[in-house]
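> no sequence on this one, just coordinates:
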């Protein structure tokens, strides 16, 4: 008789005793109430703490995978690199001057810890305050100069069609005045 085949959901009783260790339980089982405890059954708190810490680490890894999903292959809209590539570029100094500034800040922090003053040999920049506005021009005075240099362009326009009578030509102005005189004569009659 094969013990793995059973007509029901409940497994058939085993003929031979089960010699393998008990399968791992997902949670610790509490100790039964007094009177039902066997003397050789005790909870192994160290093993339970180890299992719990392993489960916590596994959950933290899963949460980190969820949060960083796509950081190495998805490129956000408007960007040229993935987030992993951007963070690697930010951590890796590409300019030679940036590594010098990092070493200077590190040496400054070390000097503060030691109590030495690195700024003692540098000149005091606050002592000499320059007036930066002195070299710039006064815009109000230059605006007055611009007003004086503006030409009246209407006065410089020539009448190129002087032979053609129109409202701008002198002949049309004279006829307009004669027209006004004619109206005054008509009103006087």
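Done, it's in. Only a predicted model underlies this, so the values are computations on that prediction, with no experimental measurement involved.
> quick one: end-to-end distance for stretch 73-91.
Start and end residues of stretch 73-91 are separated by 19 Å (Cα to Cα, to the nearest Å).
> now it: buried residues?
By 16 or more other Cβ atoms under 10 Å, the buried positions in stretch 73-91 come out as residue 82. Just so you know, the C-beta spots here come from the backbone N, C-alpha and C atoms, and that holds for glycine as well.
> repeat for stretch 49-59
For stretch 49-59, the neighbour count (16+ other Cβ under 10 Å) marks residue 51 as buried.
> so which residues make contact with that stretch?
residue 24 (Cβ atoms under 8 Å, 6 or more residues apart in numbering).
> now the residue nearest to residue 72 when sequence neighbours are not counted: which helix or strand?
Among residues not flanking residue 72 along the chain, residue 84 sits closest, at 4.7 Å (Cβ to Cβ, 6 or more residues apart in numbering). Assigned by DSSP states H and E, residue 84 belongs to helix 83-91.
> tell me the SS of residue 57?
Following DSSP: H, G, I helix; E, B strand; the rest coil, the label given to residue 57 is helix.
> can you tell me how far it is from residue 50?
Residue 57 sits 11 Å away from residue 50, taking Cβ to Cβ, to the nearest Å as the criterion.
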